[in-house]
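> need the 3D shape of this:
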Amino acid sequence: MKRWKAMVAAFLLALLLGGLWYGLVWRPSQPGYKGEHPSLKPAELDPKAQYTVVLWDVAYPVPTPSYEERVKAFVNRFTQEHPNIRIQVTLLDPEKAEDEVLKALSRGRPPDVLAAPYDWGVMVSRWQVPLPRYMTPEGNPRFSGGAKDAFSPPALRVAMDLEWPGFPRWLGFWWWAGLPSEGKTSFLLKPEPLEKKGLVVDPQGERALLSLLTLTDPRPESWAQALQAWEDLGPRHGDTLRFWQKRSSLLAGYPPPFLQKVAEGLPEAIPVGPPGTEKKGPPLSVAWVYVLYSHPFAGTAHTQAAVLVAHHYALWWEEAFASLGVLPAGAKAQETALKALPPSWQKAQVWALQRVSETGGALFPPSWDEGVKKVWEAIKGKALKPEEGRNWQKDLNNLWPSP
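Model prediction:
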């Protein structure tokens, strides 16, 4: 009997402690605490109230004035239009930004607005504010005070396909670059001239292979075909992937900033899509501006203020941002940015944007599940060291995790 009573007492104590933990620790950490649940639709701002929105971004290297100065100018302009919204900005070190964001999310202390870089995958977090109810099916804001520019058709297509994880800010295509030639002598071109221009940024051709695999669906047979195509492309020369195709020497696997340098430093170079892009268009990266719940939850009006800031920030574009090799998500700004490109680059970008508008984009970095990530980790080292007569189908069947 005593043992039974002790067990009951222990159970009741555990129940009490669990209730206290739920009420004092877990529950306050959830959005909507204090009896108010997050709104999934626009809320009216109190014109007499003052709202402070915390914004995190990454400090990008752009032509003077500095990125920090440009952001300050944006904040000043926004505050003039919305005097009851104060923006508190933190610019993160590009090398440490992702770790800082992950730490903030794990602690439940994210910023109100996060402007993520173009080379991050699409973020999924319980702290994200779902944005579809803030936008009409046509991609227009349901709230007053939104930015004047509208999203371009390709940016709108990607955002709607992904159910608005954030507001699209910048679009970046991962082109390969072609150097036209009259003969195969271009194949013997050494990488030293590129190194002098600071253009060698993919030492093992890893980005090139990853961009190619992004275009395939994640099945062993599709990957086998892509990897076989990779083998057929030809030799690796120095620090760049280089092969002969259609009377051109190609440099492959480079992110938008590199391609901007190519356009400036090698005026004869033209953007070329990886093999398999004829139907889909080249891989696309998107810089998203996310809206996140505050902790503790500050109310629906505060969330509305954060949405307004994020919407304006996503559609803010300056000519200097073109140095990052990206295109604005805004329709008017995108049209202006395209006109400033060299003819061949403009033609390629317009073609790719049209593809995205029609069929959606192959996002880079790809949002793969854990199983596919394991396969990528297992094959990338082998794939970058070609072997004669390799049977990729057999290798992938051995690597692919069991269902």
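> distance between stretch 223-234 and the chain's centre?
26 Å (CA atoms, centre = their mean, to the nearest Å).
> in the stretch 301-403 of the chain, which spans are strands?
Counting by DSSP state E, counting those that start in this stretch, the stretch 301-403 of the chain has strands at residues 327-328.
> so where's it uncertain?
386, 388, 400-403 (pLDDT under 70).
> those helices in it, which residues are they?
Ranges of helices in the stretch 301-403 of the chain, per DSSP state H, counting those that start in this stretch, are 331-339, 343-359, 370-383, 392-399.
> nearest spatial neighbour of Gly253, skipping sequence neighbours?
The spatial neighbour of Gly253 that comes closest, neighbours along the chain excluded (CB to CB, 6 or more residues apart in numbering), is Ala208 at 2.6 Å. C-betas here are computed from N, CA, C, even on glycine.
> what number of residues lie near Glu358?
Using other CB atoms under 10 Å, Glu358 has 11 neighbouring residues.
> and it, how far is that from Trp316?
Going from Glu358 to Trp316 by CB to CB, to the nearest Å gives 27 Å.
> grab the nearest non-local neighbour of Glu81.
Spatially, and ignoring its direct neighbours in sequence, Glu81 is nearest to Gly145 (7.5 Å; CB to CB, 6+ apart).
> so what's that neighbour scoring on pLDDT?
Here the pLDDT value assigned to Gly145 is 91.
> got it, and Leu215?
84.
> so what's the closest residue to it other than its chain neighbours up against?
Ranked by CB to CB, 6+ apart and with sequence neighbours excluded, the top spatial neighbour of Leu215 is Gly276, at 4.5 Å. By CB atoms under 8 Å, 6 or more residues apart in numbering, the residues touching Gly276 are 212, 215-216, 226, 229.
> return a PyMOL selection command for the buried portion of the residues you listed.
Entered in PyMOL, the line below selects the buried ones among the contacts of Gly276, by 16 or more other CB atoms under 10 Å:
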select buried, resi 212+215+216+226
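> and the contacts of Gly276, which is closest to Ala150?
Nearest to Ala150, judged by CB to CB, of these is Leu215 at 29.1 Å.
> that closest one contacts Thr277, doesn't it?
Yes: contact criterion CB atoms under 8 Å: Leu215 and Thr277 qualify, at 6.5 Å.
> ramachandran coordinates for Pro365?
As for Pro365, its main-chain torsions (degrees, to the nearest 10) stand at phi -70, psi 150.
> so which residues of the chain form helices?
2-21, 67-81, 97-107, 153-161, 192-196, 206-214, 220-232, 256-265, 277-280, 300-315, 331-339, 343-359, 370-383, 392-399 (DSSP state H).
> how close does Val122 get to Ala43?
Applying CB to CB to Val122 and Ala43 gives a distance of 26 Å.
> just Tyr254 next, same as before
Counting by CB to CB, the gap from Tyr254 to Ala43 is 44 Å.
> ok, these two, which is more surrounded?
Counted by other CB under 10 Å, Tyr254 and Ala43 do not tie: Tyr254 has more neighbours, with 25 against 16.
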